[in-house]
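*Asks:* Need a 3D model of the following:
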Amino acid sequence: MATARLRVVHRLVALPLAAVLAAACGGGMTGVTLPTPSPTPSPGGFGTVAGTAVAGATARSQSARPAGPTVRARALRGRPALVPDQLLVRFRAATPPAAANALHTQAGGGAVRTIPRIDFQVVKLQRGVAMAAALSAYRASPLVEYAEQDGYAYAFAMPTDPQYGSQAWHYGQINLPAAWDVTTGGAVIVAVLDTGLRFTHPEFSSGVTVPGYDFVSYAGNGDGDGQDPDPTDPGCPNVNPGELSHGTHVAGTVAARTNNAADGAGVNWGGVAATRIMPLRVLGQLLPADGGPECGVGTYSDIAQAIVYAADHGAKVINLSLGGGTSTVLNSAISYAVGLGVTIVAAAGNDGCGPIAYPASHSLVIAVGATGNTSPPDRASYSNCGPELDVMAPGGDGTFFVWSPSWSPTTGDVFAGFQGTSMATAHVAGVIALMISRGVTGPSNIQSVLQSTARDLGTNGFDTQTGWGLVRADLAIGAGTGPTRQCAFTGVVSGTTITRESPMAAVSSTGSFTISNAPTGVKSVFVWQDADGGGTVNTGDLYGRTDNVFIYNGQTTSTIVTVQTYGTGSQAGQPVLTVAPGGASSCP
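*Replies:* Alright, predicted model coming up:
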């Protein structure tokens, strides 16, 4: 069968138009058909069309499994903040190694390693040496630029378990299925700095990961193996063998293997040539002798080293579902990574509207709070608040959990439900990877797009309870410039030709649009998002059309356009519609 081609002819209106668009013929969506008004619109002149684009239903499998293990959000309050015998020292440039070693001896410490790129030395104190005395010795030396006690960071969650039906509430809340209609991810690496990953889980079979690293070095974790290239999560055998893998759960939300007849889906559909996880183990056990027992604890020195590694090895997104107190060494690592174009997203914390945890509170980091499954969505009871909060995403609350793969020494591979801002953060890291695959890039731009396309919650505009609002995956991936943005315009259809007669108007984060300088008469209103930027309405594009809209001279006409993926629903089986030569015009 010959492929149908739509020629798009342009008429000059108030502004010069030089673009070419494709649109559906016979069998396309008609949206809302307005009744014929009286009197009939007068010919000539221009009016305004104010409308709303609404998503059409897309059928998806929602089969659920019996519930599995679950974990509720954990707070920082009351947990050890500082590593008792470890500090971080940065010497001034050109300090002779012999002089640095002499100062270590004087202070009662010894350098165990240097964090590359940011030049901090991790210093272990000898038994019996007081931390206060050692810090004083380093800070008093003219050789030292900065010295601080190393700190602990904690995973922001605890565990639960079934398949996509169980995930539907949290993925649906951020309109992820509509985003999947456009993209399921591209060749983007997301570094997950966490407890490690269980590679035996079927959701992480070949093609989902790139090589990672185990940075856990603190002797108090009980591993006894130091840093090595194997980021496998060993569990928490000395403290709680039933503790479910936090890192595996977070990584699964970002990019679990999808459509593989096992468990559920990732925000990105992990697999060959798509989004990959770089597992970097930075959290382990904290034994009783060192302030524990705790699972999911790491030092800032290890986390800083992992951030530098991720930035140097191709990661474009870093997920930090962890937090603790502020740290100069981590500030340096964050600045280094962001300077290389890496977007960092971190959990706001689970202390019940306590201040935003660090590093989420850092100005270069996107801070994510959690929502529960309420209607309308609202801040989860445990989620932290504050002026540094950027956006919200599903984290679970009450009886609702975020479902993703996990593992423990006692349960083996499971599909578990967790609650916490850790889980919310993983959703946002995944959405950012989708955005990058669609050409929305740059840390500051990505942060701005997430904020501007978010669904406003609470009071109008920004507020400290919910930041800029709930992430909208479908709008964020279409918020770039040019053809990747969702736009509306008016025109007429004749056979296989659409004649665009108005300027293109961007569709806002709420779905609203206003088309100015629309010629009067009986017209069609189109909404289109060109998923691949090819200037063609084809499978995967978001497209909708409402016919018989009457536009009056000097007046505003309201309408609704139902938008869904071209090639699905009522448009299933339609041929690819190819634009006539000339290219497609960009959204503003």
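
*Asks:* Show me the helices in this structure, by range?
*Replies:* 97-107, 131-140, 164-173, 176-180, 246-255, 300-312, 328-339, 421-437, 443-453, 473-476 (DSSP state H).

*Asks:* what's the burial count for Gln86?
*Replies:* Counted by other C-beta atoms under 10 Å, the residues lying close to Gln86 total 24. For glycine as for every other residue, the C-beta is placed from the backbone atoms N, C-alpha and C.

*Asks:* beta partners of it?
*Replies:* Under DSSP bridges, the beta-bridge partners of Gln86 are Lys124.

*Asks:* How about the contacts made by it?
*Replies:* Val122, Val123, Lys124, Leu125, Gln149, Asp150, Tyr218, Thr299, Ser301 (C-beta atoms under 8 Å, 6 or more residues apart in numbering).

*Asks:* I'd like those residues as TSV, with distance to Gly108 and pLDDT appended.
*Replies:* Converted to TSV, the contacts of Gln86 look like this (distance: C-beta to C-beta, whole Å; pLDDT from 0 to 100):
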residue	distance to Gly108	pLDDT
Val122	15	95
Val123	10	96
Lys124	10	94
Leu125	6	95
Gln149	14	95
Asp150	15	94
Tyr218	18	77
Thr299	19	94
Ser301	18	95
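
*Asks:* So in this structure, where's the weakest helix or strand by average pLDDT?
*Replies:* strand 159-161 (a mean of 28; mean pLDDT, DSSP states H and E).

*Asks:* Go through the contacts of Gln86 and say which is closest to Pro443.
*Replies:* Ser301 (23.6 Å; C-beta to C-beta).

*Asks:* Could I get the contacting residues of the spatially closest residue to the closest one that is not a sequence neighbour?
*Replies:* With C-beta to C-beta, 6 or more residues apart in numbering as the criterion, Ser301 has its nearest non-adjacent residue at 4.6 Å, and that residue is Val122. Listed by C-beta under 8 Å, 6+ apart, the contact set of Val122 reads Gln86, Leu88, Ala111, Val112, Arg113, Thr114, Ile115, Asp150, Ser217, Ser301.

*Asks:* list the buried ones in stretch 282-298?
*Replies:* 282-287, 290-298 (16 or more other C-beta atoms under 10 Å).

*Asks:* from these, which two are the most distant?
*Replies:* It's Val282 and Pro293 that sit farthest apart of the buried residues of stretch 282-298, by C-beta to C-beta, at 18.6 Å.

*Asks:* Stretch 198-210: how far from the chain's middle?
*Replies:* Relative to its parent chain, stretch 198-210 has a centroid offset of 20 Å by C-alpha atoms, centre = their mean, to the nearest Å.

*Asks:* what about that stretch, average pLDDT?
*Replies:* Mean pLDDT, stretch 198-210: 85.

*Asks:* Can I get that stretch in PDB? Just the C-alpha atoms.
*Replies:* Presented in PDB, the C-alpha positions along stretch 198-210 are these (Å, rounded to 0.1, in the frame of the first residue of the first chain):
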ATOM      1  CA  ARG A 198      22.100  -7.600  42.700                       C
ATOM      2  CA  PHE A 199      23.000  -8.600  39.200                       C
ATOM      3  CA  THR A 200      21.400 -12.000  39.600                       C
ATOM      4  CA  HIS A 201      17.900 -10.300  39.600                       C
ATOM      5  CA  PRO A 202      16.100 -11.000  36.300                       C
ATOM      6  CA  GLU A 203      15.300  -7.200  36.100                       C
ATOM      7  CA  PHE A 204      19.100  -6.600  35.600                       C
ATOM      8  CA  SER A 205      20.000  -9.200  33.000                       C
ATOM      9  CA  SER A 206      22.400  -8.300  30.200                       C
ATOM     10  CA  GLY A 207      22.200  -4.800  28.700                       C
ATOM     11  CA  VAL A 208      20.900  -2.900  31.700                       C
ATOM     12  CA  THR A 209      24.100  -1.900  33.400                       C
ATOM     13  CA  VAL A 210      27.600  -0.600  32.600                       C
END
